[in-house]
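K.L.:
Below is the sequence, then the predicted model.
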Amino acid sequence: MSLLRTLAVLLLALAFTMSPVLADMDDALDLAEEGDDAFKAKKYAAAIRLYGAALKAEPACLPARYGLGEALLATEQVKDAVLAFRQVVRETRASPGIPVAWKDYAPQAQDRLDEFDENGGELEGLIDAHVAKVMKLAVKYRTKDPDLADRALGVVLTLHPDHKRANEILGKLARKGARKEAIFDGKQIADWDGGRGQWWEVKDGVIVGETKGVATFIRNQKEITGNFDVIMEARIAKGYDKSPFIALMAAWKAEYDHTRYGTLSGALRWFEYKGEDDKDRVFMREADALKKPYDPAAWTLYELRYREEYIHAFLNGREVHKIERPKERSGGYVGILAQGCRAEIKRLDVLHR
């Protein structure tokens, strides 16, 4: 344990007398230090994940809060970074008894906020101009090419998730061009293949798959064919080994005959399985090396779109890759895979095109 961390824990002991609280802070500081190491190595997505885990263990861990702000800033998530820095300043002012070793975080966070006051307007102006151009494209093609409009709206909502006009048009496109079917109803998976197994359950409206080492999957009972989209909103809530894996399995015909798309060992991966010993790795990219990095521990939208000629893979509304659609992928079931982690899925939908 470092000297600064030891000092922080001892000082916090004066304010907190319950040992579970101290244990949580000790765990949080461990995770924050790992986050610092990842940040220094420019593994920003990993750093964000570790700082987030630290704050989940103990929300009062200021080193993790400040580190999260810097990591978010490094990945151009400016709005979220500003929120983190503001919270550092606010918590420091509200807690005069914080460890001396943490005193520098407040002025450093304030310096960052002052930079945004000076330069943030220019950045926001550039973002707004880009959003306006992409929105114009979406409006232009919403009738002629709904798929293109849908992709454009995904870009807008990535930059401005609360963009009212973009959400309105996206809703109209969904109602007009597709029939939505919720594969998971938020209540049960008992009638799914594997849904009564030891690794899977539904908790508070979320599918939870928890497994250490072994890979396990469940799938629905209804086959889907034609042109369709499969959308999964999921996260790796906790990793138990070095290769945590969460994946959407679509056009599923057999255990080794399907599309498998998700996060394995911190990288976005797409496999096409044709047999137990026959699989193609279609795409792989480290989570923090994508044009728009993501954190597998945060809620993430994984999406596969099956069209006449192509299969498109999307992440958080942004297309990452596509391939020609083979005849073997005319349709199938929908499944979820978990390995070496606690996987959580709160949304699993199909849009019939």
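P.N.:
On my side now, so go ahead. Residues are numbered from 1 along each chain as shown.

K.L.:
CA only for contacts and neighbour counts going forward, please
P.N.:
Fine.

K.L.:
Double-check that Thr263 belongs to a strand.
P.N.:
Yes: counting by DSSP: H, G, I helix; E, B strand; the rest coil, Thr263 is found in a strand.

K.L.:
How about the contacts made by it?
P.N.:
Thr263 makes contact with Pro244, Phe245, Ile246, Ala247, Arg269, Pro296, according to CA atoms under 8 Å, 6 or more residues apart in numbering.

K.L.:
Next, format those as JSON lines and append pLDDT, neighbour count and distance to Val88.
P.N.:
Putting the contacts of Thr263 into JSON lines (pLDDT from 0 to 100; neighbours: other CA atoms under 10 Å; distance: CA to CA, whole Å) gives the following:
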{"residue": "Pro244", "pLDDT": "95", "neighbour count": "24", "distance to Val88": "31"}
{"residue": "Phe245", "pLDDT": "96", "neighbour count": "26", "distance to Val88": "33"}
{"residue": "Ile246", "pLDDT": "97", "neighbour count": "31", "distance to Val88": "33"}
{"residue": "Ala247", "pLDDT": "97", "neighbour count": "26", "distance to Val88": "35"}
{"residue": "Arg269", "pLDDT": "96", "neighbour count": "20", "distance to Val88": "35"}
{"residue": "Pro296", "pLDDT": "95", "neighbour count": "28", "distance to Val88": "24"}
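
K.L.:
Which residue ranges make up the domains of this protein?
P.N.:
For the chain, automatic domain parsing gives the domain ranges 3-103, 121-177, 181-352.

K.L.:
Where do the helices of the chain begin and end?
P.N.:
For the chain, the helices defined by DSSP state H cover 3-15, 19-40, 44-57, 62-74, 78-94, 105-141, 146-159, 164-177.

K.L.:
for the fourth one, which positions count as buried?
P.N.:
Along helix 62-74, these residues count as buried under the neighbour rule (16 or more other CA atoms under 10 Å): 62-74.

K.L.:
I'd like the distance from stretch 103-114 to the chain centre, please.
P.N.:
28 Å (CA atoms, centre = their mean, to the nearest Å).

K.L.:
hang on, the earlier thing: turn the domains of the chain into JSON lines, columns for distance to Asp114.
P.N.:
As requested, these are exported to JSON lines (distance: least, CA to CA, whole Å):
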{"stretch": "domain 3-103", "distance to Asp114": "10"}
{"stretch": "domain 121-177", "distance to Asp114": "12"}
{"stretch": "domain 181-352", "distance to Asp114": "26"}
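
K.L.:
Leaving out chain neighbours, which residue sits closest to Ile218?
P.N.:
Spatial nearest neighbour of Ile218, chain neighbours left out: Gly194 (4.8 Å); criterion: CA to CA, 6 or more residues apart in numbering.

K.L.:
list the contacts for that neighbour?
P.N.:
Trp200, Phe217, Ile218, Arg219.

K.L.:
Likewise for Ile311?
P.N.:
Leu304, Arg305, Lys322, Ile323, Glu324, Arg325.

K.L.:
center of the chain, which residue is that?
P.N.:
The centroid of the chain falls nearest to Thr300 when counting by CA atoms, centre = their mean (3.0 Å).

K.L.:
Across the sheet, point out what pairs with that one.
P.N.:
Counting by DSSP bridges, Thr300 is bridged to Ala234.

K.L.:
which residues sit in contact with it?
P.N.:
So Thr300 contacts Met232, Glu233, Ala234, Arg235, Tyr294, Leu315, Asn316 (CA under 8 Å, 6+ apart).

K.L.:
can you list those in TSV and add neighbour count, distance to Asp278 and pLDDT?
P.N.:
Listed next are those as TSV, based on neighbours: other CA atoms under 10 Å; distance: CA to CA, whole Å; pLDDT from 0 to 100:
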residue	neighbour count	distance to Asp278	pLDDT
Met232	25	25	95
Glu233	19	28	95
Ala234	26	27	96
Arg235	24	28	96
Tyr294	25	29	93
Leu315	22	25	94
Asn316	19	29	91
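
K.L.:
so which of those comes closest to Ala152?
P.N.:
Asn316 (12.3 Å; CA to CA).

K.L.:
Tell me which residues touch that closest one, please.
P.N.:
Gly154, Thr158, Thr300, Leu301, Tyr302, Glu303.
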